[in-house]
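*Asks:* Would you be able to build a 3D model of this:
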Amino acid sequence: MKSPLLLLAGGLVLGIIGVILASDRAGPLRAGLASLPGMYWAGSPGHTLPRQREHPREQHEGDLKLSAEQIEVAGIKVSDAAPGVIARRLAVPGTIVPNGDRIARVSVRLLGTVAELRKRLGDRVERNEVVAVIESREVADAKTEYLSARFTHELQEILTERAKRLADIKAMSENDYLRARTAFDDARIKQAAARQKLFALGLTEQQVAALQNQPAGTLQQQELRSPISGLVAERRVDLGALVGREGQESELFVIVDLSDVWVELAVAPAELAHLAQGQEIAVRARADGDAAPARVTFIGPLLDKETRLARVVAVLSNPNDTWKPGEFVTAEIRLAAQPVAIAVPKTALQSIKGARVVFVRTDEGFQVRTVLTGREDERSVEIASGLTLGEPIAVTNTFTLKAERGKSEAAHED
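*Replies:* I've put the predicted structure just below:
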């Protein structure tokens, strides 16, 4: 009998508690019950039902769809990710000047008048090409003297051979033979002297050999030839000008070979320790221009009295006449270098939402790739992760790609 009564009493108590908890004044009681071990109350402040743990969604980098034509119009260059060198460099100002070993002057060695000028300023000439013709009485006299001495020498040679044959058969006295031999030796010496005089006036071996076939009316003409191949940098005389006299112009042309040029640098004494003859340096015409290699050939032992700087000369190859004398350049001298597995130009990197990214070339355009960078210098940045060796990436005008990425994101949000 007790058991049904106890169950009835318990049900009544639970019903009363439920009514109390449902009222607005039951807040403290609900909080107390919720604080018991293993208890919670749905709707209690600070207590919610446990939810399943959310897994972060994988974030995919954005793609930029661009055609090959659009990429070309935007001026975007693509290059493969490759090993590089992170270096500390010293920038030194310099100037392009003609190579002092490749400058030649076409000059005259006698008094004469300019009869022909076959080259103008800027014309290209080849080695031994005739650039001018002068007329001179002095050269005419020298040529005539040589031709006379040559004829006399040939005649005396014939007479001497004849005298020797007569002397051998006792048909000529020994004294007569000796006189013939002496005349021959004298003619030979005079021909050699006349020949050397022509060489001193600037004639070549081939010109001297061709004199016997030269018309007599042209003996007063002297051809002037270029000693090197190059460009006519200066023309100092006019047609009909008198040249060769003391106090007058003796140089007609200045020929410059610009196939390689000099880079003249002004280096502080404290920085000379980083330079050595034969060392390779990088030369740039602009801060963002491509670098060209040059090799140091001269380090001045003396300092300039005014600037207190040393003169350093480097030879720079110039096959396409890209570097112009007088142009200002900057030379980069490498002080320390460390190779890295992957290095990209600084121009290849952009910052998007605080992360450094590169733009990897794909079939449809570019993929934005987040990378982790390492060491860097003025030109290059080491890529520690996020990029594979050999992957093609944009290396110029990447700000255009960044702007396109921003437009795409804005359009997507709209």
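*Asks:* pLDDT below threshold where in this structure?
*Replies:* Within the chain, the ranges that satisfy pLDDT under 70 run 1-62, 246-249, 287-289, 408-414.
*Asks:* 80 - rerun?
*Replies:* Low-confidence segments of the chain (pLDDT under 80): 1-62, 87-88, 244-249, 286-290, 335-337, 378, 406-414.
*Asks:* Can you pull up the most central residue in it?
*Replies:* Central residue of the chain (CA atoms, centre = their mean): residue 292, 1.8 Å from the mean position.
*Asks:* Give the full set of residues in contact with that residue.
*Replies:* By CB atoms under 8 Å, 6 or more residues apart in numbering, the residues touching residue 292 are 282-284, 316-317, 322-323. Placement of C-beta: from N, CA and C, glycine included.
*Asks:* Just give me the closest of those residues to residue 388.
*Replies:* Using CB to CB, residue 282 comes nearest to residue 388 of the contacts of residue 292, at 27.7 Å.
*Asks:* ranges for the strands of the stretch 251-400 of the chain?
*Replies:* Residue ranges of the strands in the stretch 251-400 of the chain, as given by DSSP state E, counting those that start in this stretch, are 251-256, 260-267, 280-284, 292-303, 310-317, 328-345, 350-352, 355-361, 365-370, 372-376, 380-385, 392-394.
*Asks:* would you turn these into CSV with distance to residue 209?
*Replies:* Converted to CSV, the strands of the stretch 251-400 of the chain look like this (distance: least, CB to CB, whole Å):
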stretch, distance to residue 209
strand 251-256, 25
strand 260-267, 35
strand 280-284, 47
strand 292-303, 39
strand 310-317, 38
strand 328-345, 48
strand 350-352, 72
strand 355-361, 66
strand 365-370, 70
strand 372-376, 67
strand 380-385, 62
strand 392-394, 64
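*Asks:* can you list the domain ranges for the protein.
*Replies:* The record assigns the chain these domain ranges, following automatic domain parsing: 1-48, 63-86+338-413, 88-100+258-337, 109-255.
*Asks:* are any of the contacts of residue 292 buried, and which?
*Replies:* Those of these that meet the buried threshold are 282-284, 316, 323, by 16 or more other CB atoms under 10 Å.
*Asks:* Tell me if I'm right that residue 255 and residue 224 touch.
*Replies:* No: the criterion here is CB atoms under 8 Å, and residue 255 misses it with residue 224 at 11.2 Å.
*Asks:* who's more crowded, the two?
*Replies:* Neighbours were counted for residue 255 and for residue 224 using other CB atoms under 10 Å; residue 255 has more, 25 against 22.
*Asks:* so where do the strands sit in the stretch 1-150 of the chain?
*Replies:* According to DSSP E, counting those that start in this stretch, the strands that the stretch 1-150 of the chain contains are 63-65, 78-80, 82-98, 103-107, 112-117, 124-125, 130-135.
*Asks:* Which secondary structure elements does the fifth one sit against?
*Replies:* Contact partners of strand 112-117 among helices and strands, from 3 or more CB pairs under 8 Å, 6 or more residues apart in numbering; DSSP states H and E: strand 130-135, strand 242-243.
*Asks:* do the fourth one as well
*Replies:* Other elements packing on strand 103-107 under the criterion 3+ CB pairs under 8 Å, 6+ apart are strand 251-256.
*Asks:* Give me the buried positions along the strand it packs on.
*Replies:* The neighbour-count check on strand 251-256 (16+ other CB under 10 Å) flags 252-256 as buried.
*Asks:* Then stretch 68-82?
*Replies:* 71, 76-77, 81.
*Asks:* Format those residues as TSV; extra columns: distance to residue 387.
*Replies:* Conversion of those to TSV gives the following (distance: CB to CB, whole Å):
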residue	distance to residue 387
71	19
76	17
77	17
81	5
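*Asks:* Kindly indicate which of those residues lies nearest residue 209.
*Replies:* Nearest to residue 209 among those, with distances taken as CB to CB, is residue 77, at 58.4 Å.
*Asks:* Spatially, what comes nearest to that closest one if we skip its sequence neighbours?
*Replies:* Distances taken as CB to CB, 6 or more residues apart in numbering place residue 396 nearest to residue 77, at 4.4 Å, with adjacent residues excluded.
*Asks:* burial measure for that neighbour, as a count.
*Replies:* Based on other CB under 10 Å, the number of other residues close to residue 396 is 16.
*Asks:* one step back: which of the contacts of residue 292 sits closest to residue 153?
*Replies:* Nearest to residue 153 among the contacts of residue 292 is residue 317, at 50.8 Å by CB to CB.
*Asks:* thought that closest one was touching residue 260?
*Replies:* Yes: using CB under 8 Å, residue 317 is in contact with residue 260, at 5.1 Å.
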